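K.L.:
Here is a sequence with its predicted model. Questions after.
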Amino acid sequence: MLKIYFSGEDILRTRVAPAADPVWELVLSLHLLQGRSRDPLMSTWRRSVARRLSRDTGSDQLRLLFALNPPRGYFPDFLTPYESVAGFEAGLEAVRGTPAPLLQRDLSVLASGNPLPSSASALARGEPEALRHLTDAMEQYRSLAISPYWPRIQAAVDADRNRRARALLDGGVEGLLNSLRPAMRWESGVLEVRDYPDSRELHLDGRGLLLVPSFFCARTPVALLDPALPPVLVYPVDRLGGLVAAPGEGAGPAAPGAGRDALAALLGRTRAAVLAVSDDGCTTGEVARRLHISPAAASQHATVLRNAGLLVSHRDLERGCSYC
């Protein structure tokens, strides 16, 4: 179990990342790609990315990146710098600027349980060419495995952020932390991550906590190993039906409005509208108000869509609300 201890100052400084973090998504996707997950929502993505990697003539460049990100256990803290909250390029610049002592420390921890290629030695010495090689590999992998699906990743994270925003507006930061159940439990100034693989305590010491909602995070939230780094907790979001490549990124072009018309023909216009307005996350009451239908009708349509696997919903027992 991971226990995160908050002071009053920490509660004031706790916040949710402003968008999907591209570096965290990249790193965590590497773990899922190499793991044994049977999640049907990710199977199409895994097959597609594996095919692209096998066709890519420069895939040898990715060997070190994959070695640094085993499917289970520790991976280096320096790969997910705090600066990535400002975007992908800011994150890569921070990786390239990692001090050699931190590289040596992180790679020593990783090497104690995982074989590393010979190129890791130059990286551990902080050689600029080795760091550029690593960030080039991160850019190459991102173009193959992340960029074609980025709109869907962003949509899932945005939906989760909307849900957290409602919890914050209704209950303050403590309401926000309570909304993280059942994966986490907030009680008496301590946030507990129940299924964390190690027994650890993290004292925020007035720094606050950055909560990072992540599409590729598996069931268990993730924290950095080094307690001296800015505190970050990455947690999984609902994947909203899995991943589909964006038009022009392997899915082919789409005519304007073609998707909406096709959905309406398949589901009926009202049910298709319910699905559309729920994309950024909302309560069934908000669906009813937006579409000018009764709450009972909104609930019925949401139930049908949920049973068909087209919609994910949550029941907030404390407030008696259902969220789509």
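P.N.:
Yes, it's here.

K.L.:
which residues are in contact with stretch 77-88?
P.N.:
17-18, 21-24, 27, 68-69, 90-91, 93-95, 98, 102-103, 106, 142, 210, 212, 224-226, 229-230, 232 (Cβ atoms under 8 Å, 6 or more residues apart in numbering). In this view, the C-beta of every residue, glycine as well, is placed from N, C-alpha and C.

K.L.:
Is it possible to mark the buried ones in these?
P.N.:
Buried subset of the contacts of stretch 77-88 (neighbour count, 16 or more other Cβ atoms under 10 Å): 17, 21-24, 27, 68-69, 91, 94-95, 98, 103, 106, 142, 210, 212, 224, 229, 232.

K.L.:
Filter those down to just the ones in strands.
P.N.:
210, 212, 232 (DSSP state E).

K.L.:
Check whether the second one really touches residue 24, as I assumed.
P.N.:
Yes. Residue 212 sits in contact with residue 24 when judged by Cβ atoms under 8 Å, with a separation of 5.9 Å.

K.L.:
got any residues that touch both of those two?
P.N.:
With Cβ under 8 Å, 6+ apart as the test, residue 212 and residue 24 both reach residue 234.

K.L.:
Identify the residues contacting residue 290.
P.N.:
Taking Cβ under 8 Å, 6+ apart, one finds 277, 282 in contact with residue 290.

K.L.:
Just the element for it, please.
P.N.:
For residue 290, the element it lies in under DSSP states H and E is helix 284-291.

K.L.:
which residue is nearest the middle of the protein?
P.N.:
residue 214 (1.2 Å; Cα atoms, centre = their mean).

K.L.:
Please name the bridge partners of the nearest residue to it once chain neighbours are set aside.
P.N.:
Once flanking residues are discounted, residue 214 sits nearest to residue 234: 5.0 Å by Cβ to Cβ, 6 or more residues apart in numbering. On the basis of DSSP bridges, residue 234 is bridged to residue 212, residue 222.

K.L.:
And for residue 234, the neighbour number?
P.N.:
Applying other Cβ atoms under 10 Å, we find 23 residues neighbouring residue 234.

K.L.:
now do residue 115
P.N.:
With other Cβ under 10 Å as criterion, residue 115 counts 9.

K.L.:
Assign it to helix, strand or coil.
P.N.:
coil (DSSP: H, G, I helix; E, B strand; the rest coil).

K.L.:
Spatially nearest residue to it (excluding sequence neighbours)?
P.N.:
Residue 115 sits nearest to residue 67 (Cβ to Cβ, 6+ apart), 7.5 Å away.

K.L.:
dump the residue contacts of that neighbour.
P.N.:
Counted by Cβ under 8 Å, 6+ apart, residue 67 has contacts 114-117, 120.

K.L.:
Please tell me which one of these counts the most neighbours.
P.N.:
Busiest of those [other Cβ under 10 Å] is residue 120, holding 19 neighbours.

K.L.:
chain center to the helix or strand hosting that one: distance?
P.N.:
When elements are assigned from DSSP H and E, residue 120 belongs to helix 119-124. Centroid displacement of helix 119-124 relative to its chain, using Cα atoms, centre = their mean, to the nearest Å, is 28 Å.

K.L.:
Same check on stretch 11-18?
P.N.:
16 Å.

K.L.:
ditto for stretch 234-242
P.N.:
7 Å.

K.L.:
Using CSV, write out the CA atom coordinates for it.
P.N.:
Below are the C-alpha coordinates for stretch 234-242, written out as CSV (Å, rounded to 0.1, in the frame of the first residue of the first chain):
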residue,chain,number,x,y,z
VAL,A,234,-0.8,9.0,-12.1
TYR,A,235,-4.1,7.2,-12.0
PRO,A,236,-6.2,5.4,-14.7
VAL,A,237,-9.2,6.8,-16.5
ASP,A,238,-12.0,5.0,-18.2
ARG,A,239,-11.0,4.2,-21.7
LEU,A,240,-14.3,5.1,-23.3
GLY,A,241,-14.5,2.2,-25.6
GLY,A,242,-10.8,1.8,-26.5
